[in-house]
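# no letters, just coordinates:
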């Protein structure tokens, strides 16, 4: 089976700073893979490299068998950014944000057709935001905003979803809703790569997990990754006394 995401010996520098060091990983279709690591471990750089927004110094990246640029242009990959990466004051409704996921299907006119409207309404229903569809995106709670961007990926028809810290700052109910949604999307054949600091969610969320510290230290089941000796590789000994990686 061809990997949905394949990263092979990828190295990325920002000037003199080494962000990724020969990182290698493969994620199969229909899997939820959690990405675990300290701040500065290269998680966001890895996402941007898979998206084709950062070009590696060396190594190769394939997304559904395509180059990152091809996958992005074809709509195969969707991205849910961290909250601080978005201008929440922009005058767009939730429905407008989700509709941006359909732009690749509309051609140059960007005029939505019936199929585009249907895809957006289906996505809003899937993430339980139909009642808030007309609200300005910045008026939503943190968890609702994350779900709106997941809906954009669903409407887009993305088979790869990259989520950068989707559980940061959300309550337990929203966390449970997001976890259930991501599991359902994987069951439907999507591949989900999600970075998280909340180690307690791993068994319910992920089929597999990656410990990252500029390179892949361990790619295994959540149970194996949660072993104290494994966590110590990525976080240092203090994580063993705190019980999480926050």
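That came through, no problem. The structure presented is a predicted model; accordingly, all values stated were derived computationally and were not measured.
# lowest average confidence, helix or strand, in the chain?
Sorting the helices and strands of the chain by mean pLDDT, DSSP states H and E puts helix 239-242 at the bottom, at a mean of 46.
# find the nearest non-adjacent residue to residue 8, please.
residue 60 (4.9 Å; C-beta to C-beta, 6 or more residues apart in numbering). For the C-beta atoms, the positions are set from N, CA and C on the backbone; glycine is no exception.
# so what's that neighbour up against?
By C-beta atoms under 8 Å, 6 or more residues apart in numbering, the contact list for residue 60 reads 6, 7, 8, 9, 10.
# what about these, which are in helices?
If you go by DSSP state H, the contacts of residue 60 have nothing in helices.
# would you list those residues in JSON lines and tack on neighbour count and distance to residue 95?
Shown next, in JSON lines, are the contacts of residue 60 (neighbours: other C-beta atoms under 10 Å; distance: C-beta to C-beta, whole Å):
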{"residue": "6", "neighbour count": "18", "distance to residue 95": "35"}
{"residue": "7", "neighbour count": "22", "distance to residue 95": "34"}
{"residue": "8", "neighbour count": "16", "distance to residue 95": "39"}
{"residue": "9", "neighbour count": "14", "distance to residue 95": "42"}
{"residue": "10", "neighbour count": "26", "distance to residue 95": "37"}
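# what's the most distant pair in these?
6 and 9 (11.0 Å; C-beta to C-beta).
# how much space separates the residue nearest to residue 8 from residue 24?
To residue 24, residue 60 is 10 Å away according to C-beta to C-beta, to the nearest Å.
# quick check: residue 231 is in a helix.
Yes: checked against DSSP: H, G, I helix; E, B strand; the rest coil, residue 231 lies within a helix.
# what distance do you get for it to residue 206?
Counting by C-beta to C-beta, the gap from residue 231 to residue 206 is 15 Å.
# rewinding a little: any chance of the contacts of residue 60 in JSON lines, plus pLDDT?
Shown next, in JSON lines, are these (pLDDT from 0 to 100):
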{"residue": "6", "pLDDT": "98"}
{"residue": "7", "pLDDT": "98"}
{"residue": "8", "pLDDT": "98"}
{"residue": "9", "pLDDT": "98"}
{"residue": "10", "pLDDT": "98"}
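# ok, how many other residues are close to residue 16?
As a burial measure, residue 16 scores 5 neighbours (other C-beta atoms under 10 Å).
# okay, now the domains of this protein?
1-64+159-246, 77-158 (automatic domain parsing).
# so, low pLDDT: which residues of the chain?
1, 83-85, 237-246 (pLDDT under 70).
# so which residue of it lies furthest out from the middle?
residue 109 (29.0 Å; C-alpha atoms, centre = their mean).
# can you show me the strands along the protein?
For the chain, applying DSSP state E gives strands covering 5-14, 17-27, 32-36, 58-63, 77-80, 160-164, 191-195, 208-213, 215-220.
# elements contacting the first one?
Just to be clear, that refers to strand 5-14. In terms of contacts (3 or more C-beta pairs under 8 Å, 6 or more residues apart in numbering; DSSP states H and E), strand 5-14 is packed against strand 17-27, helix 43-51, strand 58-63.
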